[in-house]
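Novice: make a model of this:
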Amino acid sequence: MKIMALMVVVLVVLASVVNAVTLNSVSNHVDVASNMNGQLTFWFANNEQPATASYAVNTQGNIVSSVSPATGTISTGATKSFVVTFSPSICSQGTFYATVNLDVAVNGVVQRISKVIEVTVRRAADCTTVINGVPVTNGVSDSSNAYSGSSVSLSPTFDPSEENIVIHTVEGKTDVANSELVQLNVDVVNRGSPGLVTISAFANPAMAAMLSDNSFVLQRSEAKRLTLYVKPTDLVGRQFVSLQVVKSGRVISTKEIFFDVANTHSVELQMPQTINTNNCGVVTIAGTVVNKGSAAETATVSIPALLSSSNGFAIAPRSVKQFVLNVDLSRVQSGTHLVEFKLSNNAVSSSSVVKMNVAECPETAALVYSIVVSNTGNETMRGVTVSVADIPANWVVATPVAVDIAPNQTANLTVTVKPTGEWNNEIVPMLIAKDVTGKVVKTQKAEPVKPRTATGLFLAGLFGFNGLQWIAGILFAALIFAIFSAKATLRRSAA
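Specialist: Sure thing, here's the model as predicted:
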């Protein structure tokens, strides 16, 4: 059956209150031949409602009609459309009526707006009436007018001027990711007269919908396969592509395809290949995170071997984010290490291995402590000096010169400590001030000194491949020793 597109625009205005919604149409009448379909395209907009509205459309009457789409929702400021197709019985004629009902729901309140459409059906010129198997060109148009005892069959004959083109493509939804190129087959079949056919694809510009060919000649019963290319950008959710065929200046056929578009997730961690630093304490390491996906991401960068990580930070779609890590290297042994930096979030992960050249903290880096001693007595304190307790025995302490402190006077005494070697635990030096007789006149805890050893980090793999080889060698040697010891025990038992 040939489809004739009668593009009658009907505007549905969603007013500020539900009972103010009206349905207006340019025309209340449709004129269609009995071998054709008549289509009315309805449009309505939610321009004033503060909330999302839902709608449903149905038809009533004495002519077959269908609605597409029949239900949906419309957000504030959006516009929706639906098409009502009227399908008269083949070779019928007369005036028919169809009521188009639009039910709009806003904030739980439903209002029905109805419009009656008059459909005039003209009996097609190619209709013939067959009575007892004999065609009658001006016979009756339906069986109710048949002669008594006769059977009537109604069948259209082919008219060379008829336009009938069908579009075949994928049914249902197609899943696609942002920035993904999708190709679908579209078959255009001409069941009517030959001639030039034009086909177009209508969609959101961000869908980048394009057909491999838009204009070609089709003979009767000839088909042409096209390719529909779709590549969505910065879209998410359901998107539509509408195909429209025009022949002889009229819209002959339409086809709607829908796609469910999902976000893409792609995050890359970029770090410098080499970092030159020392193990004197906390160092700042900078890096970059590149979000190549279509969704905003929240990521965290960590250094597992150093038990160090950044706070989570947000990265906009298709953007670059700089970050810094403050890392304590005071426990890391000097040398060259391969250190893994990891980026992770809920959707993706990335990593980067950095070569870290860690220099030994200079030996001249000594600790200087001060203690203030006050003489509140009536006699002079003789030979007051400072010593340091609770430190490793191999630390070097530069003992200050002894001083005398007169009554009601104070003295600021300093002592220099040079740490050497390694220590596993935090050290809290104790400053002790004594006079010449050995009497303790004041004690004071100094600022703690953080541990300085690479043992724990070594086992965590901070030293990279060389360190792992060293561990593997020790384990292998231990295994060989255990095997030979077991064999020796067995020989002694056998003897």
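Novice: give me the domain ranges for this protein.
Specialist: Following automatic domain parsing, one gets these domains for the chain: 1-124, 160-262, 267-359, 367-445, 463-494.
Novice: reformat those into JSON lines and put mean neighbour count next to each item.
Specialist: For every residue, glycine as well, the C-beta is placed using N, CA and C. Output for the domains of the chain, formatted as JSON lines (neighbours: other CB atoms under 10 Å):
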{"stretch": "domain 1-124", "mean neighbour count": "17"}
{"stretch": "domain 160-262", "mean neighbour count": "16"}
{"stretch": "domain 267-359", "mean neighbour count": "16"}
{"stretch": "domain 367-445", "mean neighbour count": "14"}
{"stretch": "domain 463-494", "mean neighbour count": "11"}
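Novice: out of the ones you listed, which gets the lowest mean score?
Specialist: Taking the mean pLDDT of each of these, the lowest value is held by domain 463-494, a mean of 49.
Novice: report the separation between the nearest residue to Asp328 once chain neighbours are set aside and Ile165.
Specialist: For Asp328, the nearest residue in space outside its immediate sequence neighbours is Val282; the separation is 5.0 Å by CB to CB, 6 or more residues apart in numbering. When distances are taken as CB to CB, to the nearest Å, Val282 and Ile165 turn out to be 74 Å apart.
Novice: the residue lying closest to Gly421 once chain neighbours are set aside: what secondary structure?
Specialist: Spatial nearest neighbour of Gly421, chain neighbours left out: Asn394 (5.4 Å); criterion: CB to CB, 6+ apart. The three-state assignment at Asn394 reads coil, by DSSP: H, G, I helix; E, B strand; the rest coil.
Novice: which elements pack onto the one helix or strand Thr298 maps to?
Specialist: Secondary structure here is read from DSSP states H and E; on that basis Thr298 sits in strand 297-303. Applying 3 or more CB pairs under 8 Å, 6 or more residues apart in numbering; DSSP states H and E, one finds that strand 297-303 contacts strand 267-270, strand 282-291, strand 308-309, strand 313-315, strand 319-328, strand 335-344.
Novice: make it 6 Å
Specialist: Contact partners of strand 297-303 among helices and strands, from 3 or more CB pairs under 6 Å, 6 or more residues apart in numbering; DSSP states H and E: strand 335-344.
Novice: what pairs with the strand it packs on, parallel or antiparallel?
Specialist: Strand 335-344 has the following sheet partners, assigned by DSSP bridges: strand 297-303 (antiparallel), strand 349-359 (antiparallel).
Novice: using PDB, list the CA coordinates for the helix or strand hosting Ile275.
Specialist: When elements are assigned from DSSP H and E, Ile275 belongs to strand 274-278. What follows is the C-alpha trace of strand 274-278 in PDB, where atoms were taken according to Å, rounded to 0.1, in the frame of the first residue of the first chain:
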ATOM      1  CA  THR A 274      63.200  10.200  35.300                       C
ATOM      2  CA  ILE A 275      63.100  12.000  38.600                       C
ATOM      3  CA  ASN A 276      66.400  13.100  40.300                       C
ATOM      4  CA  THR A 277      66.000  13.700  44.000                       C
ATOM      5  CA  ASN A 278      67.600  12.900  47.400                       C
END
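Novice: give me the residues contacting it.
Specialist: Counting by CB atoms under 6 Å, 6 or more residues apart in numbering, strand 274-278 makes contact with Val283, Val354, Lys355, Met356, Asn357, Val358, Ala359, Cys361, all of which sit outside it.
Novice: give the pairing partners of it; include direction for each.
Specialist: Each strand that pairs with strand 274-278, with its direction, by DSSP bridges: strand 349-359 (parallel).
Novice: how far off centre is the strand it pairs with?
Specialist: 28 Å (CA atoms, centre = their mean, to the nearest Å).
Novice: show me what the helix or strand that comes right after that strand is packed up against.
Specialist: Beyond strand 349-359 in the direction of the C-terminus, DSSP H and E gives the next helix or strand as strand 367-374. Helices and strands touching strand 367-374, by 3+ CB pairs under 6 Å, 6+ apart, are strand 410-418, strand 430-434, strand 440-445.
Novice: let's go with 8 Å and repeat that
Specialist: Counting by 3+ CB pairs under 8 Å, 6+ apart, the packing neighbours recorded for strand 367-374 are strand 381-389, strand 410-418, strand 430-434, strand 440-445.
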